[in-house]
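Participant: Model the following, please.
(2 chains)
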Amino acid sequence: MSDRYDPHTIEPRWRERWEADRLYHAPDDDPRPKWYALTMFPYPSGDLHTGHWYAMAPSDAAARYRRMRGYNVMFPMGFDSFGLPAENAAIKRGVDPRAWTYGNIEQMRSQLRMMGAGFDWDREIVTSDPSYYKWSQWWFLKLWEQGLAYRDEALANWCPGCNTVLANEQVLDGRCERCDSVVERQFLTQWFFRITEYAEELLNFDGIDWPERIKTMQTNWIGRSEGATISFEVEGVDEDLPVFTTRPDTIFGATFMVLAPEHRLVQRVTTPEHREEVEAYCTQASHQTEIERMSTEREKTGVFTGGYAINPFNGERIPIWIADYVLVTYGTGAIMAVPAHDERDFEFAQQFGLPIIPVFDSDEVDTSKPLEAAFIEGRVMINSGEFDGTPFEQAKARLTKAVEERGLGERTVSYRLRDWIISRQRFWGAPIPMIHCDTCGAVPVPESQLPVLLPENVTFQSSGKSPLTEAEEWVSVQCPQCESPARRETDTLDTFMCSSWYQMRFVDSQNDEAPFDPELGRKWLPVDQYTGGAEHAVMHLLYTRFFWKAARDMGKVEGPEPMLRLFNQGVILGPDGNRMSKSRGNVVAPDDQVREHGADAFRCQLMFIGPWDQGGPYNPTGMAGIVRWLNRIWSLIVDPVETASMPGEPSTRDLRRLTHKTIREVTQDIESFRFNTLIARLMEFTTAMQKARDAGPVDDAAWTEARDSLLLLVAPLAPHISEELWARRGNSYSIHQQPWPEFDEELARDDEVEIVVQVNGKVRDRMMLAVDAEEGQAKEAALALEKVGASVGQKTPRKVIYVPGKLVNIVV
RNA sequence: GCCGAAGUGGCGGAAUGGCAGACGCGGCGGUCUCAAAAACCGUUGGGAUAACACCCGUGCGGGUUCGACUCCCGCCUUCGGCACCA
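Facilitator: Below you'll find the predicted structure:
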């Protein structure tokens, strides 16, 4: 055995031993309380990067800590392996998406092993394996049975050149990334999950410990608003036009109506003389991306349709316009515009010279003159016939009631949240297990026929069109109900669907009879600690909550939420403070860092650079400090130490005090994921131990306590070096199965503390004082100080403030 | 435009009402060495000084307080997210 710290010798050796012993396998039949720790599983892009390490290494440390706290910890890992990049590789380079994906998985699996993380590989899942996606399809069928899956029209990015649907990321400046055609938004029949059914429940975060930031983002994303749906008659059209408004109280001020360009009544309200203009506008709008339409910078645009609606309250004719600031996906896709009390409507009215009629007066605004801006809140209703004089506070309720009484509409709660489109016109995904039959309609694939396997040997076209649509043999089937010729659904499932239930599969990943054994579900679920990036704040994290609630209502899982605690790490950046990217040339490869300094050092450096939730630049030059520290720990444990039995010595008391203080503080830090300050404290402890050792003989028992505590506290962060040194001290294998050290509050307590003495808030001196010193004592001692006397001079102290353990402030 | 987070030494950061800059990088000086590296020790916010005393300092401007990086009001900048949501 070498006496020098050489990570490259010890790290692989211990990893092999741990794997051989299945040290991190979480047994299902273990009497200890369970702890389910989960970190978001990666997409197998081909190479494990620093971002993966930054997400996983601290998660691993937290999971290891729980294990030392006596939990049966399950910390699984897998791959979210369906998705667009594999398909792109197939299209661009003719590679088989399967071969590409599984090659990447193999590469990343071996890279992940170098991390020395305590993953339970026995539970690994790969979402593109038929053994996994069989159950994704099964869940689809269950949701269909519950009426939570349905088909409807939805807008999609359509490339007329490629004759296919594009993802948002494939649209660059409104053009197709492949063929440069101008992208249009077109209606397409797609599969949906009825997530809006759970909108109200998803707003409730009781019982989960999640960052406020994420809860706020989800709440805003769901976007609940209360108002009314009101129907307007349209001249010459035999169908009413319903609008959703949060301000039914402003209906007398509605001076125009606006339809979204995609609204289904557009054709019917448009008069012949306006048709050409309207059609041109709609075409133009279909080329706009959602982002462009949502920009507030640009001027309002729109066209008049020539049609009129009738205000049901006063019978006035209201012109109907079309404008892209109204979105077809929200409310009813149409609004009654009240320019006096809505900023956007005001801007539009000004742009096109439409009338602006205030229906409230105001203490701040003179309503007898033309308005300069819209105002939201008023005093009492005006210009509103019989409702004039209604106070602002009562207006909304009164008008809503009137709408209902007159049969014009009803009180409505509207959500910004839209139903989840799970259809993808792609090959590399789980086929949606449905069959289209001319007589029976959409028929589910019988459970016994799952999985619906992806066909082999398909040809990819340069257009990006899914090969499934051309796989005639695969598509042609018999209808399961009437046995007549029918066709398979060629859409595949959104990959967010695969990751919405993966935490359930980990509890029983090999099960061939069910997604998981309910008994095991009860044992392991829900996830106790989830960690991952905040970029998933509203999509993945909302979908998985929805999925869980739907599964709960089917009796498949218990409890209201899938993830009890959530922590979001920040984004790790390159040394230049920018996102790491090959084009910027600022990529730090984890493999290089491990080759140079070892996995333990890289893990610790990632945890040391700053608060985990803030992310930040990773600068490899800073690694020197961590490497030095690990070397210092090494020699502290390996080098001979002069010991004696001297329990009563002050130095012994000091060493023990520091040991117990360190345990206390490190425990607090790791509980709250403050790895950076945790390592700082351990560095201080290491230095103090070196000083104690160099100062002469140390007490045998106190030294053993300090040394073992140091190793145990380091173990979750740097699993290899701590295991090696633990073994070298002759302790029993494995350090990762030892209990976390306990601290004794009594031993950790200081006898004396330094008190700062201020005069008028400025520090003039400091003094040592017993921790429990009385106020009188402290003041007396402070005033007796020479420097304080000099500062106070002839003046008389007006007031003296004493904060025990902190300071004395003399105000003169 | 809206929402959220953040602005502290040369750099990463610490301190959430009580000593601003813990810990680390880098720099400077030293020990060891023929020399260098490594390691170790010392030092390191700015100004001023022979040295002290002292003064200034947490994006900017106000305020609350005995006391503000921390709380309040108003700005500026950067980053992240997004939804003109009627």
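Participant: Identify the structural domains in chain A and state their residue ranges.
Facilitator: A:142-173+A:183-213+A:424-495, A:224-415, A:752-811 (automatic domain parsing).
Participant: distance between the ends of the longest one?
Facilitator: Put plainly, it is domain A:224-415. With C-alpha to C-alpha, to the nearest Å applied, domain A:224-415 spans 5 Å between its terminal residues.
Participant: Stretch A:407-425 too?
Facilitator: With C-alpha to C-alpha as the measure, stretch A:407-425 spans 43 Å from end to end.
Participant: Check stretch A:748-763 too.
Facilitator: From the first residue to the last, stretch A:748-763 extends over 28 Å; the measure is C-alpha to C-alpha.
Participant: Please look at residue A:538 and residue A:216 and confirm they touch.
Facilitator: No. Using C-beta atoms under 8 Å, residue A:538 is not in contact with residue A:216, being 10.5 Å away. Where C-beta positions appear, they are placed from N, C-alpha and C, glycine not excepted.
Participant: Look at the two and report which has more neighbours.
Facilitator: residue A:538 (17 against 11; other C-beta atoms under 10 Å).
Participant: Provide a list of residues in contact with the more buried one.
Facilitator: Residues in contact with residue A:538, defined by C-beta atoms under 8 Å, 6 or more residues apart in numbering, are A:217, A:218, A:221.
Participant: And for residue A:459?
Facilitator: Under the contact definition (C-beta under 8 Å, 6+ apart), the residues listed for residue A:459 are A:467, A:470.
Participant: quick one, phi/psi of it?
Facilitator: Listed backbone geometry of residue A:459 is phi -110, psi 130, with angles given as degrees, to the nearest 10.
Participant: what separates it from RNA strand B, distance-wise?
Facilitator: 34 Å (C-beta to the nearest atom of the strand, to the nearest Å).
Participant: For residue A:166, see how far away that residue is.
Facilitator: With distances defined as C-beta to C-beta, to the nearest Å, the gap from residue A:459 to residue A:166 amounts to 20 Å.
Participant: Then residue A:190?
Facilitator: Computed as C-beta to C-beta, the residue A:190 to residue A:166 distance reads 14 Å.
Participant: Check residue A:740 too.
Facilitator: When distances are taken as C-beta to C-beta, residue A:740 and residue A:166 turn out to be 52 Å apart.
Participant: Please apply the same query to residue A:658.
Facilitator: If you measure residue A:658 against residue A:166 using C-beta to C-beta, the figure is 62 Å.
Participant: who's in contact with the residue in the stretch 1-150 of chain A positioned nearest to RNA strand B?
Facilitator: With C-beta to the nearest atom of the strand, the shortest gap between the stretch 1-150 of chain A and RNA strand B falls at residue A:4, namely 10.0 Å. In this structure, residue A:4 makes contact with residue A:634, judged by C-beta under 8 Å, 6+ apart.
Participant: on that earlier part again, now the contacts of residue A:538 as JSON lines including distance to RNA strand B and secondary structure?
Facilitator: Shown next, in JSON lines, are the contacts of residue A:538 (distance: C-beta to the nearest atom of the strand, whole Å; DSSP: H, G, I helix; E, B strand; the rest coil):
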{"residue": "A:217", "distance to RNA strand B": "6", "secondary structure": "helix"}
{"residue": "A:218", "distance to RNA strand B": "9", "secondary structure": "helix"}
{"residue": "A:221", "distance to RNA strand B": "6", "secondary structure": "helix"}
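Participant: is it possible to export the residues you listed to TSV including neighbour count and distance to residue A:329?
Facilitator: Supplementary listing: these in TSV, determined by neighbours: other C-beta atoms under 10 Å; distance: C-beta to C-beta, whole Å:
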residue	neighbour count	distance to residue A:329
A:217	16	19
A:218	19	18
A:221	15	13
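Participant: of the residues you listed, closest to residue A:466?
Facilitator: The closest of those to residue A:466 turns out to be residue A:221 (C-beta to C-beta; 29.3 Å).
Participant: surely the closest one meets residue A:416?
Facilitator: Yes. When contacts are counted by C-beta under 8 Å, residue A:221 is listed as touching residue A:416 (7.0 Å).
Participant: Need the pLDDT of residue A:363.
Facilitator: For residue A:363, the model assigns a pLDDT of 79.
Participant: Who's the closest spatial neighbour of it, skipping the chain neighbours?
Facilitator: Distances taken as C-beta to C-beta, 6 or more residues apart in numbering put residue A:379 closest to residue A:363, at 6.0 Å, once the chain neighbours are dropped.
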